[in-house]
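Enquirer: Structure of the sequence below:
(one chain, ligands or ions: 2)
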Amino acid sequence: MPEVVNLKCLCGTVKGKINVVTGSFFHVHCLCCDCQSFTSHLNNKEKILDEHGGSELLQTYPAFMEITEGQDKIACVQLRNKGLYRWHTTCCNMPLANTMSSSKVPFVGVSVKLMQFDNEQEKMEILGPVTMKAFGKYSIGEMPKDAHPKFPISYMPKILGFMLKGMFKKKNNPSHFFNGNKPITKVNVLS
Ligand SMILES: [Zn+2]
Ligand SMILES: [Zn+2]
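Expert: Ligands and ions are numbered 1, 2, ... in the order given. Here you go, the predicted structure:
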């Protein structure tokens, strides 16, 4: 049974919905320096990162995410010429999601901070525990004990299976971040 969870930015201007579908998502923390740089760029570190510098993400298919309000308050940056598109709000500088630079890839990493849960118990019931903490070597302070210093190889087959299923079922579409092959806004390359 998919669970539909409301999405809302900090100030409430950008709203949406996400379907949390069993077997079609990963609940992760990313501690990498790029995710941290992104929050520095947004000047919003305290509100986004946990005490270790981690970003909490729900990685799923673009087709499961919908933006219902505030589409004109969405911007996109790329930290360098290659790499992820990092989507954020311009109203309150909240990360929305990461996508690949191609609309063909059935992947979106949605900021869990946007997800509206009534309480921790409801969050746990819907998302379950965090199943991977990656790039722990970039942690602020001591690396969390349950983090992997880089990316756990044991995760690769799961990611591959997820991607293949997404491509087969064409879950890259519809995406609220692309019009056909083109991103919905100009992508600002930071360096
Ligand atoms: Zn906002
Ligand atoms: Zn990261």
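Enquirer: where do the helices sit along the protein?
Expert: Here the chain has its helices, by DSSP state H, at 33-42, 45-48, 120-127, 156-168.
Enquirer: who's sitting farthest from the centroid in this structure?
Expert: In the chain, residue 142 marks the outermost C-alpha relative to the chain mean, sitting 24.0 Å out by CA atoms, centre = their mean.
Enquirer: For that one, give its distance to residue 28.
Expert: The gap separating residue 142 from residue 28 is 20 Å, by CB to CB, to the nearest Å. For every residue, glycine as well, the C-beta is placed using N, CA and C.
Enquirer: what's the spacing between the residue nearest to residue 102 when sequence neighbours are not counted and residue 158?
Expert: In space, residue 102 comes closest to residue 181 once its chain neighbours are excluded; the distance is 7.4 Å by CB to CB, 6 or more residues apart in numbering. Between residue 181 and residue 158 the distance, using CB to CB, works out to 27 Å.
Enquirer: More neighbours: which of those two?
Expert: Under the neighbour definition other CB atoms under 10 Å, residue 181 and residue 158 were set side by side, and residue 158 has more, 13 against 8.
Enquirer: which residues sit in contact with the more buried one?
Expert: residue 26 (CB atoms under 8 Å, 6 or more residues apart in numbering).
Enquirer: count of residues packed around residue 13?
Expert: If you count neighbours by other CB under 10 Å, residue 13 ends up with 16.
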